[in-house]
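Enquirer: here is my input; please provide its structure:
(2 chains)
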Amino acid sequence: MPNPINPSDEELVQSAQMGKQDAFTQLYERYVRSVYGRVRMKVPAEDVEDLTQEVFIAVMKSLNQFQGRSKFKTWVWTLTSRKIADYYRYRKNKQPTQDINNHLQDSSLITQTKDPDDLVIVQAAMRRLPENYQEIILLRFIEEYPFDEIARLNGQSLEAVKSLFRRAMEALRKEMGGRA
Amino acid sequence: MNDQPNAENQLDDRLAELTDRLLNNEEVEVESTWTDSDLAELENTIRRLKSVAQAARPDAAAEGRIRSRLASEWKQSMRPRWNWTWPRWVTAGASAAFILAGIVGLLGTKHTEGLSGSSGLAGAAENLSAFAPAALLVGIILFVGLLLSNRK
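Expert: The predicted structure is shown next:
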């Protein structure tokens, strides 16, 4: 049953699909922290705002393709991942010699930096992790989901989620330059 | 034989608990509470990740710019779309039927003016033409109502 005070994502999507801008604004407010946080974990600071904007424009333009087969939040996260991948693909094609990703992948640079910027180090390390490791770290630190909620969301047992989390954190620690 | 899986499970649980406590801003004294050196190292990673993640929201100026860009993009690309629920189909159909009846009635009046006497055709046309303006009016009202119902 529709709840006019606190409508579900799906109800807001339906209203936005009918052209109601307020509904889209509410969706934006619900997801701006999530999208911005995810982008910020993987993209250089100067491009985070533009890319966040691009994700929401992509959400807006694809709204009518959203059929409700998956949850809206997972759909938004998928679009965010695609935009981040596009961003690096574009950079790689455009500036192969100056690509910041290649630059950051040089772990010797990270470990030798005297005054390392944590954000840059975390971004570089995150991007080198497998997708499932990245995702569980984002779910716990950016989305702030407790472990049992992550287990429910992923359809996994709590033990499996905690085990995946530990492996992800250990991999991240290694990527961040050994003994963090 | 099962010691290693148990030890790993314990480590998983302890790391999860440590993460929860750090994210909830609870004080954790690793030296006394967590003697495992792996956990002590991971604690530092969690703290750094937490400090990076906590700033994960655009500042007011950036948010203002994003909002205004999205608003202008919305105006450009998102025209109101119809949600064709069955009451709207019925209203649209009724509107079309009334307008058509009105037009037929008005046209019929002109064409049957020349018909002689009180033939059946002329009588029917007269009956229809009497209601034509009212039918047109009802059709137009329904159509306008349909348009208004889709507005914000």
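
Enquirer: host element of A:Tyr87?
Expert: Take DSSP states H and E as the rule and A:Tyr87 turns out to sit in helix A:72-94.

Enquirer: that helix - contacts with which helices or strands?
Expert: Using 3 or more C-beta pairs under 8 Å, 6 or more residues apart in numbering or on different chains; DSSP states H and E, the elements in contact with helix A:72-94 are helix A:9-17, helix A:21-40, helix A:45-62, helix A:100-105. Backbone N, C-alpha and C define where each C-beta goes, glycine included.

Enquirer: how about TSV for those, with mean pLDDT added?
Expert: As requested, the helices and strands packed on helix A:72-94 are exported to TSV (pLDDT from 0 to 100):
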stretch	mean pLDDT
helix A:9-17	92
helix A:21-40	93
helix A:45-62	93
helix A:100-105	48
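
Enquirer: could you chop chain A up by domain?
Expert: A:1-96, A:100-180 (automatic domain parsing).

Enquirer: nearest residue to the middle of chain A?
Expert: Nearest to the geometric centre of chain A sits A:Arg38, at 2.9 Å (C-alpha atoms, centre = their mean).

Enquirer: what's around the closest residue in space to it that isn't next to it in sequence, how many residues?
Expert: Setting aside the residues directly before and after it, A:Arg38 is nearest to A:Thr80 in space (C-beta to C-beta, 6 or more residues apart in numbering or on different chains), at 5.2 Å. The number of residues packed near A:Thr80 is 26, by other C-beta atoms under 10 Å in any protein chain shown.

Enquirer: let me know whether A:Thr80 touches A:Val55 as I believe.
Expert: Yes. Assessed by C-beta atoms under 8 Å, A:Thr80 is found in contact with A:Val55 at 5.1 Å.

Enquirer: could you pull up phi and psi at A:Ile142?
Expert: With angles defined as degrees, to the nearest 10, A:Ile142 sits at phi -90, psi -50.

Enquirer: looking at chain A, which helix or strand is least sure?
Expert: helix A:107-112 (a mean of 37; mean pLDDT, DSSP states H and E).

Enquirer: say whether chain B is contacted by the next helix or strand after that helix.
Expert: With elements assigned by DSSP H and E, the helix or strand that comes after helix A:107-112 is helix A:118-127. Yes. Shown here: helix A:118-127 in contact with chain B (C-beta under 8 Å from any C-beta of the partner chain) through A:118-119, A:121-122.

Enquirer: as JSON lines, the residues you listed with pLDDT, distance to B:Pro133 and neighbour count would be great.
Expert: Below are these laid out as JSON lines (pLDDT from 0 to 100; distance: C-beta to C-beta, whole Å; neighbours: other C-beta atoms under 10 Å in any protein chain shown):
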{"residue": "A:Asp118", "pLDDT": "80", "distance to B:Pro133": "77", "neighbour count": "14"}
{"residue": "A:Leu119", "pLDDT": "84", "distance to B:Pro133": "72", "neighbour count": "17"}
{"residue": "A:Ile121", "pLDDT": "89", "distance to B:Pro133": "78", "neighbour count": "22"}
{"residue": "A:Val122", "pLDDT": "89", "distance to B:Pro133": "74", "neighbour count": "26"}
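
Enquirer: what is the nearest of the residues you listed to B:Val144?
Expert: If you rank the residues of helix A:118-127 next to chain B by distance to B:Val144 using C-beta to C-beta, A:Leu119 comes first, at 56.1 Å.

Enquirer: now the closest one: closest residue in space, sequence neighbours ignored.
Expert: B:Val52 (5.4 Å).

Enquirer: tell me the spacing between B:Phe131 and A:Asp9.
Expert: Taking C-beta to C-beta, to the nearest Å as the measure, B:Phe131 falls 49 Å from A:Asp9.

Enquirer: of the two, which one has the most company?
Expert: Neighbours per residue (other C-beta under 10 Å) separate B:Phe131 from A:Asp9, with A:Asp9 holding more: 18 against 14.

Enquirer: close enough to count as contact, that one and A:Tyr28?
Expert: No. A:Asp9 is not in contact with A:Tyr28 according to C-beta under 8 Å; the separation is 11.8 Å.

Enquirer: before we move on, the earlier item: overlap of the contact sets of A:Thr80 and A:Val55?
Expert: A:35, A:39 (C-beta atoms under 8 Å, 6 or more residues apart in numbering or on different chains).
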